[in-house]
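In: just need the structure, nothing else, for what follows:
(chains A and B)
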Amino acid sequence: MRAYWELAVIGFKRYATYRGATLAGVFTNTVFGFMLAYIEIALFKGRGEVAGYDVRQAVTYVWVTQGLLMTVYIWNWVEIALRVRTGDIASDFQRPIDFQSYWLAQDLGRAVYHSIFRGIPPALLGGLVFGLELPSHPVTWIWFAVSVFLAVVVSFGLRFLTNMVPFWIADYRGVLSVTSFLWPFLAGLYGIPLVFLPPAFYRVVSVLPFAAMGQAPLSIFLQKPGTWTTLLLQAFWAVAVLAAGRLVLRAAERKLVVQGG
Amino acid sequence: MVDAHLAVVRASLRAQLTYRVSFAMLVVASAGATSMDFAVVATIFTHLPRLEGWTLSQIALMYGIAGIGFGVTDLAVGSLDSLPAYVKQGTFDAFLIRPLGTLYQVVTSEVALRRVGKIAQGAGILVFALLHLHIAWTLPRAGMLLMSLVTGPLIFGSVWVIVMSHVFWTVDTGEVANAFTYGGSFLASYPINIFGTWLRDLLAFVVPMAFVAYYPTIFILGRPDPLGLPGFVPLLTPVLAVLLPWLAGGVWKQGVRHYRGTGS
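Out: Numbering: from 1, shown residues only, chains lettered A, B, ... in the order given. Now for the predicted structure:
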């Protein structure tokens, strides 16, 4: 257990090193936050609600997702894939520590860093300018934290799966580039709430694992009905994608051929 | 020297086409990423007929012009995204010792062919818009449409060069440029009258993204400017398309002069 704690600390520190990058990233998220917030305001002009959201909730959705984007970190994580490609993965398999947990621990450390330093600043700035709808019950903050944690685990589990791709296909970039735009859209991280999609489409999308990374924590933050269902569904997907990752990993281990001497 | 360099670029293009399935997916993803932005617009229009006075087809026209402009720019100068890494690691040195322009070398360092997907997607949306809009075509309007496909990339590309050049001074803040490049492309796809004042002033006029697609669109549709600016403003587009590349070249040159390697 101590080893995993240390790994999480390493994950945190790795990202804490790049202060310039953090500031620049917050700036970019903030600029996008402003544009999306104005789009929401234009959408709500002349109508009180859309799919059960009022304008204040929609603007809140924008700013909280801008903060959530880096925390769940859907994009461009190819660390394991690169190690598969170079063959470094062979030495990873020899470590006396569970391979998937080794990476999950580091990713959770990273997520703590990003949630504090990339998540809170844009939301704070957005709150100052637009005024956000914060949870009225203190306990909602706890459920929101749990939900974000589960969102990170689901995201990690899905990324772990795509990072296994180069065991079978030499050039993994194609697969990763497709997931890098489909996932955020299906998660509801593209600026407008997933519930704004046509109802028939939303019913399908809302039960897929992707919604667990965006719409789910936001529904809880905005105190929409069904907190327990949302959390349970997230937990189900977290376990399911991690288990799927283990199965694929086992197949990959059998497939691994170490070349050279 | 240029011949030798072009041979290297050609080799890189061949290399990109080696894994065909993967390349096809990269092209699809390149088109798909921008399609998601349009899906957001389309979703908005499932809830209302007009967004601040604009119909979906009208926004599609603007979106198509901006999309092609961004796609062409990304294909031509997208490898500027690697400039922060070159400056940080000091590998920019290598460009300085070759007898070719540094900017030319950086933009050809990786010509990512997959970006044709973006251009195709923008063109698709533009065709959709032209089929749905009943535009009273005149020679000046048709001319503006064709011209915007050239001026868009020129304006966009210059902005890209200028905002990327700042890393010659700061080294560490390459990601700030994203707000202007990707952020600018996002902004250019929407009617700018929906944005708040300061954001509009900054990204639409100081960084003149409004001239990529918004003003050409207003001219083609024959609409008065919702912002109330005089009618000649759209005609400033070609002027900017000449001035900005000149300015960008100057900023780049200053940046290169300021560049210091990383030592040995």
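
In: please enumerate the helices of the stretch 1-150 of chain B.
Out: B:2-16, B:20-45, B:56-77, B:83-89, B:93-96, B:102-107, B:116-132, B:139-165 (DSSP state H, counting those that start in this stretch).

In: near chain A at all, the third one?
Out: No: Helix B:56-77 lies apart from chain A when judged by C-beta under 8 Å from any C-beta of the partner chain; the minimum separation is 11.1 Å. (Each C-beta comes from the backbone N, C-alpha and C, glycine too.)

In: between that helix and helix B:20-45, what angle do the directions make?
Out: 150 degrees (axes from the mean of the first three to the mean of the last three C-alpha atoms, to 10 degrees).

In: and helix B:56-77, what does it pack onto?
Out: Helices and strands touching helix B:56-77, by 3 or more C-beta pairs under 8 Å, 6 or more residues apart in numbering or on different chains; DSSP states H and E, are helix B:20-45, helix B:116-132, helix B:139-165, helix B:176-188, helix B:214-221.

In: can you name the next helix or strand after the last one?
Out: Read in the C-terminal direction, the helix or strand following helix B:214-221 is helix B:237-258, with elements assigned using DSSP states H and E.

In: now the fourth one
Out: Scanning forward in sequence from helix B:176-188, with DSSP H and E defining helices and strands, the next element found is helix B:197-200.

In: for that next one, packing partners?
Out: Against helix B:197-200 (3+ C-beta pairs under 8 Å, 6+ apart) you get helix A:19-44.

In: what's the angle from the helix it packs on to helix B:176-188?
Out: Using the same axes, to 10 degrees: helix A:19-44 against helix B:176-188 is 10 degrees.

In: restricting to C-alpha, output the host helix or strand of residue A:9 in CSV.
Out: Per DSSP H and E, residue A:9 falls inside helix A:2-16. This file holds the C-alpha atoms of helix A:2-16, laid out as CSV (Å, rounded to 0.1, in the frame of the first residue of the first chain):
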residue,chain,number,x,y,z
ARG,A,2,2.9,2.3,0.9
ALA,A,3,4.3,1.8,-2.6
TYR,A,4,1.1,2.9,-4.2
TRP,A,5,1.0,6.0,-2.0
GLU,A,6,4.6,6.9,-3.1
LEU,A,7,3.6,6.3,-6.8
ALA,A,8,0.6,8.7,-6.4
VAL,A,9,3.0,11.3,-4.8
ILE,A,10,5.3,10.9,-7.8
GLY,A,11,2.4,11.3,-10.2
PHE,A,12,1.4,14.5,-8.4
LYS,A,13,5.0,15.9,-8.4
ARG,A,14,5.7,15.1,-12.0
TYR,A,15,3.0,17.5,-13.2
ALA,A,16,3.7,20.1,-10.4
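
In: any idea which helix or strand in chain A has the lowest mean pLDDT?
Out: helix A:89-93 (a mean of 86; mean pLDDT, DSSP states H and E).

In: pull out the buried residues from that one.
Out: For helix A:89-93, burial by neighbour count (16 or more other C-beta atoms under 10 Å in any protein chain shown) applies to residue A:89.

In: neighbours of residue 246, how many?
Out: All of this refers to chain A. 15 (other C-beta atoms under 10 Å in any protein chain shown).

In: that's the wrong chain, I wanted chain B
Out: With other C-beta under 10 Å as criterion, residue B:246 counts 9.

In: roughly how far does it sit from chain A?
Out: 27 Å (C-beta to the nearest C-beta, to the nearest Å).

In: go on, residue B:216?
Out: 20 Å.

In: can you check residue B:37 too?
Out: For residue B:37, the distance to chain A - C-beta to the nearest C-beta - is 8 Å.

In: that residue contacts residue B:190, correct?
Out: No: using C-beta atoms under 8 Å, residue B:37 is not in contact with residue B:190; the gap is 9.7 Å.

In: and those two? which has more neighbours close in?
Out: For residue B:37 versus residue B:190, the count of surrounding residues by other C-beta under 10 Å is larger for residue B:190: 25 against 21.

In: quick one: the more buried one from chain A, how far?
Out: Residue B:190 is 7 Å from chain A, by C-beta to the nearest C-beta.

In: can you check residue B:41 too?
Out: In terms of C-beta to the nearest C-beta, residue B:41 sits 9 Å off from chain A.

In: most centrally placed residue in chain A?
Out: Nearest to the mean C-alpha position of chain A, by C-alpha atoms, centre = their mean, lies residue A:72 at 2.1 Å.

In: per-residue confidence for that residue?
Out: Residue A:72 is assigned a pLDDT of 95 by the prediction.

In: in contact with it, which residues are there?
Out: A:111, A:148, A:151, A:152, A:155, A:187, A:189, A:213, A:214 (C-beta atoms under 8 Å, 6 or more residues apart in numbering or on different chains).

In: try it again at 7 Å.
Out: Contacts for residue A:72 (C-beta atoms under 7 Å, 6 or more residues apart in numbering or on different chains) come out as A:151, A:152, A:155, A:213.

In: how about the residues of chain B by chain A?
Out: B:19, B:21-22, B:25-26, B:28-29, B:32-33, B:36, B:39-40, B:43-44, B:46-48, B:51-52, B:172-176, B:178-179, B:183, B:186-187, B:190, B:194-196, B:199 (C-beta under 7 Å from any C-beta of the partner chain).

In: can you turn the buried part of those residues into a PyMOL selection?
Out: PyMOL command restricting these to the buried ones, with burial defined by 16+ other C-beta under 10 Å:
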select buried, chain B and resi 19+22+25+26+28+29+32+33+40+43+44+48+51+52+172+173+174+175+176+178+179+183+186+187+190+194+195+199
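
In: tell me, how many residues neighbour residue B:135?
Out: 15.

In: any idea how far it lies from residue A:201?
Out: 32 Å (C-beta to C-beta, to the nearest Å).

In: in TSV, list the helices and strands packed on helix B:56-77 along with distance to residue A:141.
Out: Conversion of these to TSV gives the following (distance: least, C-beta to C-beta, whole Å):
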stretch	distance to residue A:141
helix B:20-45	29
helix B:116-132	41
helix B:139-165	38
helix B:176-188	30
helix B:214-221	41
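
In: could those go into TSV alongside mean pLDDT?
Out: Shown next, in TSV, are the helices and strands packed on helix B:56-77 (pLDDT from 0 to 100):
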stretch	mean pLDDT
helix B:20-45	87
helix B:116-132	94
helix B:139-165	95
helix B:176-188	86
helix B:214-221	94
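
In: who wins for proximity to residue B:57 among those?
Out: helix B:116-132 (4.0 Å; C-beta to C-beta).

In: picking that back up, mind giving me the packing neighbours of the helix holding residue A:9?
Out: helix A:99-114 (3 or more C-beta pairs under 7 Å, 6 or more residues apart in numbering or on different chains; DSSP states H and E).

In: for the helix it packs on, list the C-alpha coordinates in PDB.
Out: Extracted C-alpha coordinates of helix A:99-114, given in PDB (Å, rounded to 0.1, in the frame of the first residue of the first chain):
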ATOM      1  CA  PHE A  99       1.100  -3.400 -13.500                       C
ATOM      2  CA  GLN A 100      -2.400  -1.800 -13.700                       C
ATOM      3  CA  SER A 101      -2.400  -0.500 -10.200                       C
ATOM      4  CA  TYR A 102       1.100   0.900 -10.700                       C
ATOM      5  CA  TRP A 103      -0.200   3.200 -13.400                       C
ATOM      6  CA  LEU A 104      -3.600   3.900 -11.700                       C
ATOM      7  CA  ALA A 105      -1.800   5.100  -8.600                       C
ATOM      8  CA  GLN A 106       0.300   7.600 -10.600                       C
ATOM      9  CA  ASP A 107      -2.700   8.700 -12.500                       C
ATOM     10  CA  LEU A 108      -4.700   9.400  -9.300                       C
ATOM     11  CA  GLY A 109      -1.800  11.500  -8.100                       C
ATOM     12  CA  ARG A 110      -1.800  13.400 -11.300                       C
ATOM     13  CA  ALA A 111      -5.600  13.900 -11.100                       C
ATOM     14  CA  VAL A 112      -5.300  15.400  -7.600                       C
ATOM     15  CA  TYR A 113      -2.700  17.900  -9.000                       C
ATOM     16  CA  HIS A 114      -4.900  18.700 -12.000                       C
END
